[in-house]
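Peer 1: sequence and predicted structure, then a few things I'm wondering about:
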Amino acid sequence: MAKHGEILPKRAYMDNPDINWRYGSKPDYRKVNEIFMRERTKVHTEGSLEKIVEDLVKTWEMESSHKVKKQDWGSVDQNVFCIKVNGGKKFYLDDNIEIGNYNILMQDSILYDASKETNDSSHELFRNVFKSGFPWELLEVYSGPPTVAFTWRHWGKFEGDYKGVKATGETLEMFGSCVANVSEDLKILSIEVFYDPNIMLKKLTATGEKVKCPFHHL
């Protein structure tokens, strides 16, 4: 629960009764909000650029995970939105809806085969691992609109088995950066994400230090 004076995350575009939700009903973020409020490392002031960007990204993540019709999306410009990770392939809104954010964000990981997962299977996989939730927080913003550069943290407890690897209960963290281009009315036009998913995946797959950075030979 939020303490006095603290502001919960605001995920917009959730209240239209005609939204077609992927899992049949509007998602409930009370549990993950509680963990977020308790374990976050940054508290952003209401109305600050940091809080606005954090809420915008949380709205995009909600829509990416739960909305199946592009006309229901409000966080992005539906006509031009695209996303790419670590300088890789560019994906558009239809791709985001079909493939899912997990498969897009880990498309080229050496420890995750996105071609063998669907949108639904990938979300089921990680919901089972992070049973209490997988919160996300914005750390620092380095530039304001229209080009917003920021760093972020994702974390959760390894509470459920991952493809035969037994859960450890350990808190797993990922850190990264992002550059988002937005319109005057703060619709996301494009997102570029930069991070190393293998840091977390090595823990989930019990691979340890046997996997090296894919760019180590350059």
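Peer 2: Everything's here; your move. Here the structure is a predicted model, which is why all the values come from computation and not from measurement.
Peer 1: which SSE is the spatially most central residue of the chain in?
Peer 2: The C-alpha lying nearest the average C-alpha coordinate of the chain belongs to residue 61 (Cα atoms, centre = their mean; 5.2 Å). Residue 61 is located in helix 49-66, with elements delineated by DSSP states H and E.
Peer 1: that older thread, the residue nearest to the centre of the chain and residue 101 touch, don't they?
Peer 2: Yes - counting by Cβ atoms under 8 Å, residue 61 does reach residue 101; the two are 6.7 Å apart. Every C-beta, even on glycine, is put in place using the N, C-alpha and C of the backbone.
Peer 1: overlap in contacts, these two.
Peer 2: Here residue 61 and residue 101 have no joint contacts, going by Cβ atoms under 8 Å, 6 or more residues apart in numbering.
Peer 1: thinking again about what came up before, mind pulling up the pLDDT for the residue nearest to the centre of the chain?
Peer 2: pLDDT, residue 61: 97.
Peer 1: can you pull the contacts of it?
Peer 2: So residue 61 contacts 101, 136 (Cβ under 8 Å, 6+ apart).
Peer 1: so where do the strands sit in this structure?
Peer 2: 82-85, 91-92, 136-143, 147-157, 171-182, 188-195 (DSSP state E).
Peer 1: out of the ones you listed, which gets nearest to residue 8?
Peer 2: Nearest of the strands of the chain to residue 8, taken as Cβ to Cβ: strand 136-143 at 13.0 Å.
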